[in-house]
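Trainee: this is a predicted model, with the sequence first.
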Amino acid sequence: MASDVKGLLPADLGQLVNECNVLVVGAGGIGCELLKNLVVFGLKNVHIIDLDTIEVSNLNRQFLFRREHVGRPKSIVAKESALLFNPKVCITAYHDSITESKFDVNFYKQFNVVLNALDNRTARSHVNRMCLAAKIPLVESGTAGYKGNVSFHMQGISECYDCTTKPHQKTFPGCTIRNTPSEPIHCIVWAKHLFNQLFGISDPDEDVSPDSSDPEAVGDAGKIALEESNDTNGQVKEKVSTRQWAQSHEYDAQKLFQKLFHDDIKYLLSMENLWQKRKPPTPLDWNDLPDVIAGSSSIDQQTVTALKDQRVWSMQECSQVFKQSINQLKEKLENEKDLIWDKDDDPAMDFVTACSNVRAHVFGIQQKSRFDTKSMAGNIIPAIASTNAIVAGLIVTMACKVLKKDYYKCNTIFVMPRPTAVKKDLFPLDQIVGPNPKCYVCAEKPEIIVKMDLEKMTVRILGDKVLKTELCMIAPDVEIDDGQGTILISSEEGETDDIADKLLKNFIKDGTRLKCDDFLQNYQINITVAAMVDEEDEKDREKSGILFEIIGDRTQLNAKEQVAEGKKTDDQEQPSTSKKANPVHDDEDDLMIIEPTTVSEVQVAGTKRRLDETEEDTPSKKRKVESETSEVIDID
Amino acid sequence: MFGLLPLSTMMGFKMMVSASPSPRSPEITEKTKKYDRQLRLWGDHGQSRLEKSHVCLINSSATGTEILKSLVLPGVGSFTIVDGYKVTQEDIGINFFLDQDSLGKSRAEYTTKLLLELNTDVNGEAIEEHPEMLLKQNPNFFNHFSVVIGCQLDEKTLVTISQVLWESQVPFVYVNCIGFLGWVRVQVNELAIIESHPDSTIQDLRLDVPFPELIAYMDALTINSREVAQKTPWLVLLFKAIQKFSTPSTGDSMDTTGCHPCHMKSQEKQEFKKYLKQYLCEVGLKDTDEEFDEVVKAANSALSPSMINSNVQALLDDPKSTKPEKTKFWVMCGALREFVANNGQLPVRGVLPDMMADSDRYINLQSVYREKASKDAEDILGRSQQLLKQAGLQGLTIVEEDVKLFCKECQNLRLIRGYPMYEEINSVPVEILQELAQNTEDSDQEMMYYLLLRGLLRFQGDYHTYPGLLDRDVEPDINRFKGTFTKLLNDWNATISAKEDCIHELCRYGACELPSVAAFIGGCAAQEVIKIITKQYVPLDNTFIYNAMQSTSSSFKMTRANS
């Protein structure tokens, strides 16, 4: 260990390293490298937590894992492997989710610094809040291909993780997915939903059948078609789940194909309004499949060298893969209650590739190879060992500064592949960035305004999509600020189930204030409801169909309205009528990279004076924290 | 069965385009799965190059081991460690891979064994010997490696190795980590990069210089209704608008400059865009149509001139293009030179952006570009083969696949010409000294550290030890180092001096590698090695200095001084 090598570390740092207690969140690409660095640096106490188990695709970089470890918990194996090299370290491993309530503020308080090596925004946001609440410094990191970044977050000194808006997970309106896809990704999302409907846990938000309530499809055409089909088949589509339908036909590939790519498409065609301005889809017949590939530019078909994985399949091939994968999945289903879609599971990936490509063909959309489909469906970020090593090296360097309390030297660092114009390979910001006073997380009294469609949104959607997905809360409690303390959402299981599916208009109106609280995160935020009411909004929504919109403070609301008054901006996401948006889940590796575009907006970090101010703390936050025995490091 | 099958064998499966996909062979699945996340960065051809490569590491220090770790994991073909040292207590302290049992054993053998555990696809061998001794026994020892990485080299050995590798044209990556400083130096004689992976590629649409087949195709199309216009790719609408705009005889043209919209300045482009909107209305589109917006939006990036950038022009002007040497790259550059001389343009790329359109119409348009690209590639292939014959370069074959990739990437070709390190070490760093003399601010700290690192090399040469090496009083060493460094600066006629605190810090760490610096520099060096082996992305050219104290870095190019 480096701290054992005499004279290597300055005496003061050597002692800090020996005595400190560190939490590493994530034992993946960065986590493995980081654990190695910490162990070799001579830290005596390291805690590491990860929910995941080891997969084959981890082995190209997560060097603490071997082929024989596949399927075992990452955190446990990482600990075992690290101990082989240095048995003297005390490593505590948790195979668990960091958002579990047992990892409360108290848990965090035992650490001198928390090092994030995570792969998703929700967990990053959560750890950020826990560190704010526990007043523990946090080092955040990420990599993507040859790029990476490392940043420092500490209450009152620097910006928190949520101070800057993060790129949102791309979502697609339900009606685009179900009725009017126009890009390959729409077909891929649809195919993943179809998988869940057929073999997995079906989510009503992931319906794949044509949506006759699409406001664009006004008129009776759709209904007529529906009635006709009821007459002939004697079944009501809405009432038979896709899975039941498939089961009743014993997952017969041909029948499924016929329903999905012929009958449903014919039904869509009957909604004539949809196709007035769009190119109508062409139903496909199982017995008469064309052997052409719809307009694709990314694959050079003349290059015969492309692997099957990297080549676009013809409709013939798609139908064969469709059949084969359904049979394999059906077999699996005999032993398991529900299948969970996994991009690394071959039949599951084959199924999505085949279905998305057939649908793309039907709608005249560019087809994608299995390799590319996997990238998009799994939201895969390229990852290599060397970049993780670079970033993990930077994290330890920054952690040392944190231990020495040299907080103002902890500038955010970006690792960039060598650009030709600029000679720097690392882009450290000149100064650390101070907290954003309007941050919806670390501001003294976080406030936001959310525009909501009270006529269409249910209480459940408010909880799931606004509070959990967008605001990254884990177990929110919501109280209406009406002087009576009416509870709208409770984190206690079952307590507010009876009203969960009722429309919001029954409880709140324009201007209502909602007090939202996540006890575990020690996070409170007030939401002011802005109802989507006026004519302009109504019309706009018909087209865009957005159920809610998160707006920062009042000033931003005004700014947004001005934009809305003008024409819709060019890059605005199109449609969405039914229900809500469908997120593409980001479930792989290490990154949420923030490009250094905000450099010009850097605010000068707080001064010493400001630091003292924040030391006093807000009363509301103290409530839950004060009783703890404090191992918090003193900011001074 | 675990994927021991080399990727080249897997190529056999590529031709299997059977209608009913038989279950994939487990070897393929296992291997593609394992390397999935990196294949998305450098593709299967990059992977294949990596798997065919043989890397040599001189001295398996902590940093050296880190570098190999990041090469073994992604599946480098094989590695050789040349290291004459035994494992010391200090090695164990800073190298994660060494444990107490390794004390006193061969460092080469021990690290090789542990690195091999990381990936069963990789072969590795240990040679317990100092590199100079190896060279004495076999002067050609290093000649067959894909890349040689050198760590913990003293000045004399560095000069020897650098010269040997330069003469045998083997790429060399020199790495030095001392305390909080890191130094990476890439030495390549000449490196041609076909796939440079630029952040953005300019669309190659030839709107300003349409080829005859494109004109013929466009002329054959008539757009006479809204319905047809909606199904027509935006490129066609844009092309026709330009055509009409540039032909004053139609009467309604606003063009007076005679300038093609692709070559217009932004203000004039606005004029054209006005015209474009007018044209779109004429053919029946409504300004509320999605297709209308799409054409107008696409015009922004599509209206760029077809030209040859300076990197590519330099290649065409290179003497090696005129008289190609025996490499595929230069023969193809020679062919490209002739092609450009005849046609005035680079070969057509044949890749179109996605467009909202009826599939048939899109595919037809796409095949016009593709066929032209094919034809151009064929032309280059013919010229390449002709050049091979003329130059009597037997034994070198250029196939269609080579030419296709070359043509597709010909906008992005890059060439790096190196400067040997042995010359650098034996000459005055004139440019650095000038830079520092002009710029006294802290902004060039890394350049000052470069000089100090050179001073350390010299010190090590003089005293056979590093200043402040463990268990010794630092003070006398600081003075000795100051002496060495001052003399070095005097030799160089330099007017600058180093800051006291820099020297103190440097001496305090001795020759020790800090684990976090080793991890960082190890990762950086590994990336450069991968870029060199895969011949993708542009590698460091040629010096990188990292300062862990400030978390800053700088890369610059050391060149042969003119004086």
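Mentor: It's in.
Trainee: and the helix or strand where residue A:349 lies, what does it pack against?
Mentor: Element membership for residue A:349 (DSSP states H and E) is helix A:346-362. If you count contacts as 3 or more CB pairs under 8 Å, 6 or more residues apart in numbering or on different chains; DSSP states H and E, helix A:346-362 packs onto helix A:184-199, helix A:315-333, helix A:370-377. Every residue, glycine included, has its C-beta placed from N, CA and C.
Trainee: rerun that using 10 Å as the cut-off
Mentor: The helices and strands touching helix A:346-362, judged by 3 or more CB pairs under 10 Å, 6 or more residues apart in numbering or on different chains; DSSP states H and E, are helix A:184-199, helix A:253-258, helix A:264-270, helix A:315-333, helix A:370-377.
Trainee: Throw those helices into a markdown table and include distance to chain B, thanks.
Mentor: What follows is these, written out as a markdown table (distance: least, CB to the nearest CB, whole Å):
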| stretch | distance to chain B |
| --- | --- |
| helix A:184-199 | 9 |
| helix A:253-258 | 13 |
| helix A:264-270 | 15 |
| helix A:315-333 | 5 |
| helix A:370-377 | 6 |
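Trainee: any chance of these in JSON lines, with mean pLDDT too?
Mentor: Listed next are the helices and strands packed on helix A:346-362 as JSON lines, based on pLDDT from 0 to 100:
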{"stretch": "helix A:184-199", "mean pLDDT": "92"}
{"stretch": "helix A:253-258", "mean pLDDT": "93"}
{"stretch": "helix A:264-270", "mean pLDDT": "92"}
{"stretch": "helix A:315-333", "mean pLDDT": "92"}
{"stretch": "helix A:370-377", "mean pLDDT": "89"}
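Trainee: adding distance to residue B:161 and mean neighbour count as columns, could you present these in CSV?
Mentor: Written out in CSV, the entries for those read as follows (distance: least, CB to CB, whole Å; neighbours: other CB atoms under 10 Å in any protein chain shown):
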stretch, distance to residue B:161, mean neighbour count
helix A:184-199, 51, 24
helix A:253-258, 63, 18
helix A:264-270, 67, 20
helix A:315-333, 53, 19
helix A:370-377, 41, 22
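Trainee: what's the spacing between residue B:406 and residue B:480?
Mentor: For residue B:406, the distance to residue B:480 (CB to CB, to the nearest Å) stands at 55 Å.
Trainee: looking at those two, which has the bigger crowd around it?
Mentor: Higher neighbour count among residue B:406 and residue B:480: residue B:406, with 24 against 17, using other CB atoms under 10 Å in any protein chain shown.
Trainee: past the strand or helix carrying residue B:214, which element shows up next along the chain?
Mentor: Secondary structure from DSSP H and E places residue B:214 in helix B:212-219. Once the chain leaves helix B:212-219, the next helix or strand it forms, by DSSP H and E, is helix B:226-231.
Trainee: by contact count, what packs against that following helix?
Mentor: Other elements packing on helix B:226-231 under the criterion 3+ CB pairs under 10 Å, 6+ apart are helix B:290-302, helix B:359-391.
Trainee: out of those, nearest to residue A:435?
Mentor: Nearest to residue A:435 among the helices and strands packed on helix B:226-231 is helix B:290-302 (38.1 Å), distances taken as CB to CB.
Trainee: run through the strands of the stretch 101-250 of chain A in chain order.
Mentor: Along the stretch 101-250 of chain A, the stretches classed as strands by DSSP state E, counting those that start in this stretch are A:113-116, A:138-144, A:147-153, A:171-172.
Trainee: can you put the ones you listed in JSON lines and add distance to chain B, mean neighbour count and mean pLDDT?
Mentor: Below are these laid out as JSON lines (distance: least, CB to the nearest CB, whole Å; neighbours: other CB atoms under 10 Å in any protein chain shown; pLDDT from 0 to 100):
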{"stretch": "strand A:113-116", "distance to chain B": "12", "mean neighbour count": "27", "mean pLDDT": "98"}
{"stretch": "strand A:138-144", "distance to chain B": "10", "mean neighbour count": "26", "mean pLDDT": "94"}
{"stretch": "strand A:147-153", "distance to chain B": "8", "mean neighbour count": "26", "mean pLDDT": "93"}
{"stretch": "strand A:171-172", "distance to chain B": "16", "mean neighbour count": "19", "mean pLDDT": "72"}
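Trainee: residue B:192 pairs with what?
Mentor: residue B:415 (DSSP bridges).
Trainee: so it is in contact with residue B:328, correct?
Mentor: Yes. Assessed by CB atoms under 10 Å, residue B:192 is found in contact with residue B:328 at 8.9 Å.
Trainee: the two: who's more crowded?
Mentor: Taking neighbours as other CB under 10 Å, residue B:192 and residue B:328 compare with residue B:328 leading, 20 against 17.
Trainee: so who does the more buried one touch?
Mentor: Residues counted as contacts of residue B:328 (CB atoms under 10 Å, 6 or more residues apart in numbering or on different chains) are B:192, B:194, B:384, B:388, B:393, B:396, B:397, B:398, B:399, B:402, B:403, B:406.
Trainee: in CSV: the residues you listed, plus pLDDT and distance to residue B:267.
Mentor: Putting the contacts of residue B:328 into CSV (pLDDT from 0 to 100; distance: CB to CB, whole Å) gives the following:
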residue, pLDDT, distance to residue B:267
B:192, 94, 40
B:194, 95, 38
B:384, 94, 44
B:388, 90, 50
B:393, 74, 52
B:396, 86, 51
B:397, 89, 52
B:398, 92, 46
B:399, 92, 48
B:402, 93, 44
B:403, 95, 41
B:406, 96, 38
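Trainee: which of these count as buried?
Mentor: The neighbour count (16 or more other CB atoms under 10 Å in any protein chain shown) marks B:192, B:194, B:384, B:388, B:393, B:398, B:402, B:403, B:406 as buried among the contacts of residue B:328.
Trainee: show me where chain B has strands.
Mentor: Using DSSP state E, the strands found in chain B span residues B:54-58, B:78-82, B:123-127, B:147-151, B:172-178, B:181-187, B:190-193, B:414-417, B:543-547, B:552-556.
Trainee: quick one: buried residues of the second one?
Mentor: Of all the residues in strand B:78-82, those buried under the rule 16+ other CB under 10 Å are B:78, B:79, B:80, B:81, B:82.
Trainee: next one: the third one
Mentor: Along strand B:123-127, these residues count as buried under the neighbour rule (16+ other CB under 10 Å): B:124, B:126, B:127.
Trainee: next, count neighbours for residue A:507.
Mentor: For residue A:507, the neighbour count with other CB under 10 Å is 19.
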